[in-house]
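Chemist: Need a 3D model of the sequence below.
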Amino acid sequence: MSQYPALRLRRTRASAWSRRLHGETVLTPADLIWPLFVADGEGVEEPIASLPGVSRWSVDGIVARAKDARDLGIPCIALFPYTQAERRSERGEEALNPDNLMCRAIRALKDAVPEVGVLTDVALDPYTSHGHDGLLDAGGYVLNDETAEMLVGQALNQAAAGADIIAPSDMMDGRVGLIRDALEAEGHVNVQIMSYAAKYASGFYGPFRDAVGSRGLLKGDKKTYQMDPANAEEALREVALDLAEGADSVMVKPGLPYLDIILRVKDRFEVPVFAYQVSGEYAMLEAAVAAGAAKRDAVVLETLMAFKRAGCSGVLTYHALHAAKLLAK
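Modeler: Okay, the predicted model is just below:
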């Protein structure tokens, strides 16, 4: 290799056109998935205090947001329901209701904006009175196989309503294979599974729990099913299992603290890898902006570029709309 001064790496950085020409990673609106929170009612917008700039929307508002996504080139939205307290239960049976809030939103979206993909969360925490992702035994331990059976029913319920991507976020062993078999048996052969394959027991989820109404409900923690933040090899085993069971793509969650996991998964398996830039990450960026410590446009695009550089096919981010507008300029 040439040495300085024959080699000057700054030459290709000297002009904006040259920086564009030599850019190694490209970020577009097509790389974004927009998470949206759906609430009961009509004409409802409920701002979420711990997620400044993010609201819960009634189904009509979700449809309007999906039209915004379509117009800006965002290919997919992710839905999360705010379940009222009286509809929560120990077993989360509302997840199986074919006319629940999630299913009504899915149907409305596919009727009004069929060209936008709909990703749906499969887990019981929006529906349980105890805030866990599954069914509990007498000692408070989350039961794996009994929970997986409920998740299959939840996934079929959402697929029947028109969901395009089923995204199990519960971290139960074996649930991807069971869901895949059930989808095939029921004729939902083109419904994708994006598995939350490496979901860590993180401290960055707090604002999300406000958004779905589970803050204060959780008894104990989720460390018996979500992953230890210290572990990387275990993440590769989780991904391998989910791919073997029929996942079309995998997710790493949270995002920025786990870029190393994203890179290792992509290098090892060469499959579509997604990351969830979770609520706590979003809130930290917004707090930095509010404190004058960062400029929103710059840090939004820089963090999203980091995900792409690490190997992501796409990113779930609450900044999706803002990022898409910036990328359209």
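Chemist: Quick check: Phe274 is in a strand.
Modeler: Yes - per DSSP: H, G, I helix; E, B strand; the rest coil, Phe274 lies within a strand segment.
Chemist: Name the surrounding residues that touch the biggest helix by length in the chain.
Modeler: As assigned by DSSP state H, the longest helix anywhere in the chain is helix 144-161. Contact with helix 144-161 is made by 91-92, 95-98, 100, 102-104, 106-107, 110, 120, 122-124, 133-135, 166, 168, 170, 172-175, 178-179, 182-183, 186, 188, 191, 225, as judged by Cβ atoms under 8 Å, 6 or more residues apart in numbering. Yep, even glycine has a C-beta here, placed from its N, CA and C like the rest.
Chemist: same deal with stretch 84-91?
Modeler: 40, 94, 100, 124, 127-130, 135-136, 150, 213, 217.
Chemist: Output the longest helix of the chain as PDB, nothing but the C-alphas.
Modeler: These are the backbone C-alpha positions of helix 144-161, laid out as PDB (Å, rounded to 0.1, in the frame of the first residue of the first chain):
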ATOM      1  CA  ASN A 144     -42.700 -21.800  28.500                       C
ATOM      2  CA  ASP A 145     -44.900 -24.400  26.700                       C
ATOM      3  CA  GLU A 146     -48.200 -23.200  27.900                       C
ATOM      4  CA  THR A 147     -47.300 -19.600  26.900                       C
ATOM      5  CA  ALA A 148     -46.100 -20.800  23.500                       C
ATOM      6  CA  GLU A 149     -49.600 -22.400  22.900                       C
ATOM      7  CA  MET A 150     -51.200 -19.000  23.600                       C
ATOM      8  CA  LEU A 151     -48.700 -17.300  21.300                       C
ATOM      9  CA  VAL A 152     -49.700 -19.600  18.400                       C
ATOM     10  CA  GLY A 153     -53.300 -18.600  18.900                       C
ATOM     11  CA  GLN A 154     -52.400 -14.900  19.000                       C
ATOM     12  CA  ALA A 155     -50.300 -15.200  15.900                       C
ATOM     13  CA  LEU A 156     -53.100 -16.900  14.000                       C
ATOM     14  CA  ASN A 157     -55.500 -14.200  15.200                       C
ATOM     15  CA  GLN A 158     -53.300 -11.500  13.800                       C
ATOM     16  CA  ALA A 159     -52.600 -13.300  10.600                       C
ATOM     17  CA  ALA A 160     -56.300 -13.800  10.000                       C
ATOM     18  CA  ALA A 161     -56.800 -10.100  10.400                       C
END
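Chemist: Next, the buried residues of that helix.
Modeler: Buried residues in helix 144-161, counted by 16 or more other Cβ atoms under 10 Å: 144, 147-148, 150-152, 154-161.
Chemist: any idea of the mean pLDDT in it?
Modeler: For helix 144-161, the mean pLDDT works out to 98.
Chemist: I'd like the next helix or strand past that helix.
Modeler: strand 165-168 (DSSP states H and E).
Chemist: Give me the sheet partners of that following strand and which way each runs.
Modeler: strand 117-122 (parallel), strand 192-199 (parallel) (DSSP bridges).
Chemist: Now do that strand: distance to the chain's middle.
Modeler: 9 Å (Cα atoms, centre = their mean, to the nearest Å).
Chemist: what's the lowest-mean-pLDDT helix or strand in the chain packed up against?
Modeler: Within the chain, confidence by mean pLDDT, DSSP states H and E is lowest for helix 206-212 among all helices and strands, at a mean of 91. For helix 206-212, the elements it packs on are strand 76-81, helix 279-290, judged by 3 or more Cβ pairs under 8 Å, 6 or more residues apart in numbering; DSSP states H and E.
Chemist: deepest of those, which one?
Modeler: With neighbours defined by mean count of other Cβ atoms under 10 Å, none of these is more surrounded on average than strand 76-81, at a mean of 23.
Chemist: which other helices and strands contact it?
Modeler: strand 32-38, helix 59-72, helix 101-112, strand 117-122, helix 206-212.
Chemist: Now that Ile106 has come up, it's in contact with Gly162, right?
Modeler: Yes - contact between Ile106 and Gly162 holds when scored by Cβ atoms under 8 Å: they sit 5.0 Å apart.
Chemist: Give me the common contacts of those two.
Modeler: By Cβ under 8 Å, 6+ apart, the residues touching both Ile106 and Gly162 are Val118.
Chemist: Between the two, which is the more surrounded one?
Modeler: Ile106 (25 against 17; other Cβ atoms under 10 Å).
Chemist: which residues touch the more buried one?
Modeler: Ile106 neighbours (Cβ under 8 Å, 6+ apart): Leu79, Val118, Thr120, Gln158, Ala161, Gly162, Ala163.
Chemist: helix or strand right after the least confident helix or strand of the chain?
Modeler: According to DSSP H and E, the helix or strand after helix 206-212 is helix 233-245.
Chemist: and whichever helix or strand comes after that next one, which strands flank it?
Modeler: Following helix 233-245 in sequence order, the next helix or strand is strand 249-253 (DSSP H and E). Strand 249-253 has these partner strands in its sheet, going by DSSP bridges: strand 192-199 (parallel), strand 273-277 (parallel).
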